[in-house]
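S.K.: can you look at this prediction? I've put the sequence above it.
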Amino acid sequence: MALLVFAGSCLLGDWVFTHRIILRPVSDCGRIQHLCLEDGAEIPVFGTSKIHNLDMGLNTFNYGMDGTSFEATDVFLQIELAKPKVTPLIVELQFQDAGTLGDEGKYIPFASDPRFQQLLKRFHVLEWRYFVPGIRYFGYYDWYFKDYLNERAHVTKVNRGFVEFLHPRPFDQAKFDEIVRGRLQLTNGYFPDEDQNRRLIAHITQHPQRLFFLVVSPFHPSCFVHFQNEEKLKAFEARLAAFPNVVVIDWGRMYYPDSSFVDTLHLRHDAAMDFSQKMQDQIGQVLRERNAPALPGKPSGP
Amino acid sequence: MGLDSAIYLLFLGFVAVVHTWIPGRWRVTALLGASLIFYAASSINYLILLLGLCSFNYGAVSYLSRILDQRRRTCIFAGAVMANLTALIAFKYAGAFIGEGLARFGWHGQGTEVIPWVIPLGLSYFTLQMLACVTDAYRRTWKLDQGFTQFVLFGLFFPQISSGPIPRAERLLPQLASGGCPTAEDRLAGLRLIAYGLFKKYVVANRLNEYVSIIFTVPSGIGTLPALLACGFNALQLYADFSGYVDIAIGSARLLGIRLNPNFDRPLSSTSVTELWRRWHMTLSFWLRDYLYMPLLIRIRIFGKLGVVLTLVITFAICGIWHAATWTYLLFGISQGLAMSVEFLTKSWRAKRLKRLPKRLVAWAGNIYTLGFFALAQVLFRAANLSQARGIYSRMFHLQMSGMFTASPEGKPYFLALDCAAIGVGIGVAFFYHRTSDRPTSTPWFVLLCALSILFFGHLGSAHFIYAAF
Amino acid sequence: MNDNLWNDLTATFRDLLDNDSLTLTEATTAKDVEGWDSITHVLIIVAVEKKFRVKFTAGEIQQLQNVGELAALIRSKQASSPSGGG
């Protein structure tokens, strides 16, 4: 009897969590589900947390996620490019791979998809229990729940995938200087994974009908101190730009003052909106030059 | 394989089923086989080492149990003690000593980089177990009546080899020699303990560890309140982690009809540090009392109270060092010895002064003092080095109220609230455990409660039990 | 003589454990007496050695199981001692 109650509770809890908490439109899991189901005219934005504050006046959906390796972006690209769409894509060009998946909890609901299975296996985080409804979320329930609480308590606002923190901490120059000192002790530069580059180029060449905007969002100037392999980066960007369906927008060195940064990699909200507007203008200009049809604007409503 | 892992639970289940169905005369062999497999999963080389040490100790104990010549007995005893301690020192402390020595010549690495080995699983506990065995045989308080197979099983018995409880031969060997004969009550009690232990590990210990780890790794950026919370959570985490492990170990043995010594007796209800050490890690503190404290104190009893103080400090300094050869553990041990010394020296004075106060108030104040002192001392137990410990202490004692939540508010501000909720669930489950411990029929429902709590509130957190590192 | 020994022994325990109403029997052990723990046990032995002018070996002390055995040990030490007690 106790065993039956246990099994029933597990399955009920799994169902409630999956549909009410985990696959909310605005969670990481919800965004992945959105990617799998969307088949319209949205312009996807792929990359790490560095790009996830890009919010333009276009019909974009931001899939940028914390600590996401290109391996995850590659899977997202496979899913997106399999759709019969012709809208452009925006992909963050990374100077070095994040090397992590971030929290693997965001992939658990999709563990039955072979592409996500391979991704989890690659990072040695694929567990047998991810295939068993009822116990697959063991150890992750609080992670999902905290995200849910964040949203309900209006700590974050999410719109078209773009995540905005509503109560950011005030800028503290002394603390920021300490962060900069930490950055200066790291090795900065362009350290590519050739296999990842090869796969990105394969996506570009295999889908000539899609226009790829490969973007680099602003870094703090400290990230360019003793920057290594600059020539190699320029050569690769030139190689990419040579493809007819690629536009490279490297704004990594675009200047913003210290007070515009959360840390040396991420912009604060106001600066991110400024950057987003500039990016929107640039994309619009590129499309005019290519005589491409104007892109649909923002959908009405949130 | 850790005692909290799925593979261990499968292994235990398989062993329990085999143990139930095989004829009684094969049970010792089955348990020995299981223990050898368990240890071999950690390291076959070290299994061979421990088998060698078991054989050596068996020879020594057999000799001590049989011969009468006191001089020869003393030589054998001294040799056995030296051999056991040499093995422990070589595997556990050599790296630290070499590192300290080389540091004086300007070398900045870790001692463990110089030596090519790591400490074998459970060697610290195994050594104490064998020393107790050999000493009891020498004192003639116990005589070896069992054969080599049973003795090896005693040394390597899988539920307790990794982190205790430290058994005494007098109590455990006869049980193991019979192969264990579990009753239905044993099985239910074992299941209950295992479920409770896993609950404490996954729901309480792992969850609190998340908060404590953040504070301990970046003490300079946090306020007084988070530092104090981390101090308290750290002590609670250690208790939940270690007692959780012990519950699984004792529960596993109970499933097989073997009763191990308890290691905890409601230590959080202690009203003095002296009383705490009679309730916390009992098998270790009783070992220290019987094989270190009492023999030393008897020999220096002529110094009276000074002798008591010296013996307490030395005993607990050794207790600290037994955990690991670092300054933090040494200071931890000395602090315990000093606290017990102060309690001893002020015992009569306190009895006279506090006689007029209500007993409940005195007990309550004593409990607060004991838990507070122990939590502060546990900072040394947790800190990676003296500098980190100093950082935590300075945060606690330099009043700074900013930084209530260490996670950035735009991140996950509610994890502290969920931690507290988990502690609340922990208290609820503990209450249910103690209320229903005499009703075996409630075991399936208690196990269900633990399983659901682990599933929905469990935190994967650190993969290993804290005490498995010693 | 035995009553004197027993009275003196009881007085020693009462004094050290600060308990004027303490009553000892031959079977009394540390578990039966509040405050008689491992820390005070050796101080009791030291006080007994001083009171009865005897000297115990470490082995003898460690093998004592109850107050009766302690009393018997004191008697045997006094009997074999040249100064003799009692």
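M.R.: Structure's in. What do you need? Numbering: from 1, shown residues only, chains lettered A, B, ... in the order given.

S.K.: how about B:Ala184, what does it touch?
M.R.: Contact analysis of B:Ala184 by C-beta atoms under 8 Å, 6 or more residues apart in numbering or on different chains lists B:Pro440. All C-beta spots, glycine's among them, are computed from the backbone N, C-alpha and C.

S.K.: right, I mislabeled it, should have said C:Gly59
M.R.: Listed by C-beta under 8 Å, 6+ apart, the contact partners of C:Gly59 are B:Arg139.

S.K.: quick one: what helix or strand has it in it?
M.R.: Element membership for C:Gly59 (DSSP states H and E) is helix C:58-63.

S.K.: I'd say A:Phe219 and A:Leu265 touch.
M.R.: Yes. Proximity of A:Phe219 to A:Leu265 meets the contact threshold set by C-beta atoms under 8 Å, at 6.4 Å.

S.K.: more neighbours: which of those two?
M.R.: With neighbours defined as other C-beta atoms under 10 Å in any protein chain shown, A:Phe219 and A:Leu265 compare such that A:Phe219 has more, 23 against 16.

S.K.: that one in helix, strand or coil?
M.R.: Here A:Phe219 is recorded as coil under DSSP: H, G, I helix; E, B strand; the rest coil.

S.K.: what does A:Pro133 give?
M.R.: A:Pro133 ends up coil, using three-state DSSP.

S.K.: the stretch 101-250 of chain A: strands as residue ranges?
M.R.: Applying DSSP state E, counting those that start in this stretch to the stretch 101-250 of chain A gives strands spanning A:156-159, A:162-165, A:212-216, A:246-250.

S.K.: ok, now which ones touch B:Arg278?
M.R.: The contact partners of B:Arg278, by C-beta under 8 Å, 6+ apart, come to B:Asp265, B:Ser270, B:Ser285.

S.K.: quick one: pLDDT of it?
M.R.: Reported pLDDT at B:Arg278 in the predicted model: 92.

S.K.: now swap in the one 5 residues further on and tell me
M.R.: In this prediction, B:Thr283 carries a pLDDT score of 95.

S.K.: next, B:Asp442: secondary structure please.
M.R.: Check again: residue B:442 is Ser, not Asp. Under three-state DSSP, B:Ser442 comes out as helix.

S.K.: just give the nearest non-adjacent residue to it, would you?
M.R.: Closest residue in space to B:Ser442, ignoring its immediate chain neighbours: B:Thr436 at 4.1 Å, by C-beta to C-beta, 6 or more residues apart in numbering or on different chains.

S.K.: likewise for A:Pro88?
M.R.: Using C-beta to C-beta, 6+ apart, the nearest residue to A:Pro88 is A:Leu211, at 3.9 Å.

S.K.: does the residue of the stretch 351-470 of chain B found nearest chain C lie in a helix or a strand, and which?
M.R.: Residue of the stretch 351-470 of chain B nearest chain C, by C-beta to the nearest C-beta: B:Ala351 (6.7 Å). Per DSSP H and E: B:Ala351 is located in helix B:347-354.

S.K.: what is the end-to-end distance of stretch B:277-296?
M.R.: Stretch B:277-296 has its terminal residues 18 Å apart, counting by C-alpha to C-alpha, to the nearest Å.

S.K.: now stretch B:1-8
M.R.: The first and final residues of stretch B:1-8 sit 6 Å from each other (C-alpha to C-alpha).

S.K.: mind listing what's buried in that stretch?
M.R.: Applying a neighbour-count criterion of 16 or more other C-beta atoms under 10 Å in any protein chain shown, one finds B:Met1, B:Leu3, B:Asp4, B:Tyr8 buried in stretch B:1-8.

S.K.: show me what the host helix or strand of B:Val429 is packed against.
M.R.: Under the criterion of DSSP H and E, B:Val429 resides in helix B:415-436. Secondary-structure packing of helix B:415-436 (3 or more C-beta pairs under 8 Å, 6 or more residues apart in numbering or on different chains; DSSP states H and E): helix A:141-152, helix B:184-199, helix B:206-217, helix B:224-255, helix B:443-457.

S.K.: measure the closest residue to chain C within the stretch 151-300 of chain A to A:Ser222 for me?
M.R.: Using C-beta to the nearest C-beta, the single residue of the stretch 151-300 of chain A nearest to chain C is A:Glu178, 50.4 Å away. According to C-beta to C-beta, to the nearest Å, A:Glu178 stands 12 Å off from A:Ser222.

S.K.: neighbour count: these two, which is higher?
M.R.: The neighbour count for A:Glu178 versus A:Ser222, taken as other C-beta under 10 Å, is higher for A:Ser222 (17 against 13).

S.K.: can you pull the contacts of the more buried one?
M.R.: Counting by C-beta under 8 Å, 6+ apart, A:Ser222 has contacts A:Val180, A:Arg183, A:Leu184, A:Thr264.

S.K.: show me the residues you listed that map onto helices.
M.R.: A:Val180, A:Arg183, A:Leu184 (DSSP state H).

S.K.: I'd say the last one and A:Phe224 touch.
M.R.: No. With contacts defined as C-beta under 8 Å, A:Leu184 does not count as touching A:Phe224, sitting 10.9 Å away.

S.K.: is B:Ser163 part of a helix or strand, or is it coil?
M.R.: Using three-state DSSP, the structure places B:Ser163 in coil.

S.K.: can you check the distance spanned by stretch A:8-26, start to finish?
M.R.: 28 Å.

S.K.: mutual contacts of A:Phe219 and A:Leu265, please.
M.R.: Common neighbours of A:Phe219 and A:Leu265 (C-beta under 8 Å, 6+ apart) do not exist.

S.K.: circling back: with the flanking residues excluded, which residue is spatially nearest to the residue of the stretch 351-470 of chain B closest to chain C?
M.R.: C:Asp18 (6.7 Å).
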